[in-house]
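Colleague: okay, predicted coordinates and the sequence, questions at the end:
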Amino acid sequence: MLTVSEALAKVLSSFRTLEAESIRSESAVGRVLAEPIRATLDLPPFPNSSMDGYAVRAEDLRTASAHRPTTLTVIGDIPAGAAPAVSLERGTAARIMTGAHVPDGADSVVPIEATGADRSVVDAPPPTAIALHQPIESGAYIRPKGEDVRSGDTVMEAGRVLRVYDIGLLASFGLTRVNVIRRPRVAVISTGDELVEIDQPLRPGQIRDSNSYSLAALTHKYGGEPLMLGVARDRVEAVTAKLQAAADLHPDLIVSSAGVSVGAYDVVKAAVERDGALDFWKVRMRPGKPVAFGQYRGIPFFGLPGNPVSAIVSFEIFVRPVLLKLGGRRNLEKPAVDVKVSEPLHSDGRETYLRAVVRKVGNELAAHSAGGQGSNILSALVNANALVIIPEGVVEIPSGSMVKAWMLDGPEEVDWQ
Ligand code: AMP
Ligand code: MG
């Protein structure tokens with residue numbers, strides 16, 4: 001039987017990043033850039049004032065002082081958004097607003113606060129002259145052309161996971177749309193005679209199909225688009241029909257749950273093998289030993305276990321990195337933290353994922369069990385914030401030992417590179 005890492009290596013080697021699509025820039029947060037972004041202009045595109053004030057020539061103010069102010073003739077008024085109509089000659093200044101184009105000849109801006117001028121008058125025309133009481137350094141309060149970004153520079157590399165902070169820079173280059181890796185489309189199938197759609201009343205012996213919802217939510221979480229196909233009965237014909245319906249949607253992946261263990265009604269394996277093949281159907285892990293992987297009509301297929309916690313944990317282990325890889329992410333490893341276990345932990349030697357609560361205690365993270373570890377105990381997963389990992393081959397972890405844990409609500413959108 002394959003170990004988790006052997007199975008994962010096999011799985012990941014059969015996927016490649018999907019192709020690109022063009023989407024609106026403001027919706028691109030968390031998506032992976034399919035092409036580098038090059039600056040198509042300087043930012044700022046022109047030298048501009050960082051203050052409201054007067055554009056001047058520093059040289060004119062060299063001797064200005066409190067008792068011998070220098071008087072400059074105000075020859076223009078430059079609001080933001082206008083091309084300056086004047087250029088400064090010796091002894092002149094132009095009123096200028098924040099963000100306005102600094103006129104030729106000017107090399108600095110005297111902020112309005114330093115001129116003694118009355119700032120409260122809206123819409124007032126500039127004075128004909130201003131008296132300035134101190135020298136100014138050349139370059140003061142001017143944001144040079146290209147200070148932020150130079151035209152032609154690569155500002156973002158292909159493969160970058162776009163962040164909220166990146167969107168404004170795209171917009172500065174006029175990019176209303178951006179090419180990103182498209183989202184993987186995932187067909188989600190449940191199997192089981194006991195399952196009913198979640199909006200239906202339960203008859204004796206029935207339970208609601210919670211897995212479709214968990215797996216669709218996980219698909220969303222990891223950047224995919226779920227296509228929910230509902231429940232197939234425990235007959236090869238029924239599962240085959242559902243697989244056909246899934247394949248007809250041309251998904252990038254089919255994920256089913258249940259029906260892959262060794263029960264008399266576990267028909268998923270047989271149905272897949274009718275028109276596909278399985279690479280493996282068992283992995284040395286807990287929870288979730290019956291995990292199948294292969295292809296159906298050429299579409300990659302995962303058969304996850306039916307127990308709700310097993311389905312979710314095996315999705316985290318196998319499907320999550322696949323979705324990330326398809327979606328163009330480079331770092332496929334789920335971020336792990338080092339935690340100190342507050343109680344002895346046991347395993348049968350299979351790689352084991354225990355629902356745990358991790359808390360900060362002093363400078364350490366301490367982990368304790370989140371409750372029942374039965375693979376049906378979904379509430380323990382709801383109460384957990386981490387999965388503590390007992391590595392392959394280890395049967396006992398004494399209290400106080402350090403182990404790795406996956407924080408369940410970790411910074412998935414961050415691609416540490
Ligand atoms: P199986 O793998 O078919 O033997 O299912 C294992 C367990 O998971 C059984 O107790 C099933 O009732 C349960 N189960 C299977 N599918 C689902 C589902 N979609 N939602 C909730 N529980 C399920
Ligand atoms: Mg079943």
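Modeller: In hand now; what should we look at? Ligands and ions are numbered 1, 2, ... in the order given.

Colleague: spell out which parts of the stretch 151-300 of the chain neighbour ligand 1.
Modeller: Within the stretch 151-300 of the chain, the positions near ligand 1 by Cβ under 6 Å from any ligand atom are 190, 192, 194-195, 207, 209-212, 257-259, 261, 263. Using the backbone N, CA and C atoms, a C-beta is placed for each residue, glycine as well.

Colleague: redo that, cut-off 8 Å
Modeller: 190-192, 194-195, 207-212, 214, 231, 234, 257-261, 263, 265-266, 290 (Cβ under 8 Å from any ligand atom).

Colleague: could you give the mean pLDDT of stretch 69-82?
Modeller: Taken as a whole, stretch 69-82 carries a mean pLDDT of 96.

Colleague: pull the residues that contact that stretch.
Modeller: 48, 54-56, 60-61, 63-64, 84-86, 88-89, 91-101, 103, 125-133 (Cβ atoms under 8 Å, 6 or more residues apart in numbering).

Colleague: could you do stretch 150-162 as well?
Modeller: Stretch 150-162 has contacts (Cβ under 8 Å, 6+ apart) with 28-42, 149, 166, 169, 178, 180, 328-330, 413-415.

Colleague: filter the residues you listed to the buried ones?
Modeller: Neighbour-count burial (16 or more other Cβ atoms under 10 Å) is assigned, among the contacts of stretch 150-162, to 28, 30-34, 37, 39, 41-42, 149, 166, 169, 178, 180, 328-329, 415.

Colleague: which of these fall within strands?
Modeller: Under the assignment DSSP state E, these contribute 37, 178, 180 to strands.

Colleague: give me the sheet partners of the strand ranked longest in the chain and which way each runs.
Modeller: Counting residues, the longest strand found in the chain (DSSP E) is strand 351-361. Strand 351-361 sits in its sheet next to strand 283-286 (parallel), strand 364-369 (antiparallel), strand 386-390 (antiparallel), going by DSSP bridges.

Colleague: also near ligand 1: which of the contacts of stretch 69-82, exactly?
Modeller: Answer for the contacts of stretch 69-82 near ligand 1: none qualify (Cβ under 8 Å from any ligand atom).

Colleague: now do the phi/psi pair for the closest residue to Ile312 other than its chain neighbours.
Modeller: Nearest non-adjacent residue to Ile312, counting by Cβ to Cβ, 6 or more residues apart in numbering: Ser214, 5.3 Å away. Per-residue torsions, Ser214: phi -60, psi -40 (degrees, to the nearest 10).

Colleague: likewise Ser210?
Modeller: The phi/psi pair for Ser210 (degrees, to the nearest 10) is phi -80, psi -30.

Colleague: hmm, it is touching Leu378, no?
Modeller: Yes. Counting by Cβ atoms under 8 Å, Leu378 is a contact partner of Ser210 at 7.2 Å.

Colleague: now the common contact residues for these two.
Modeller: By Cβ under 8 Å, 6+ apart, Ser210 and Leu378 have these common neighbours: Pro308.

Colleague: any idea which of the ones in strands among the buried ones among the contacts of stretch 150-162 is closest to Lys242?
Modeller: Of all these, Lys242 sits closest to Val180, with 31.1 Å by Cβ to Cβ.
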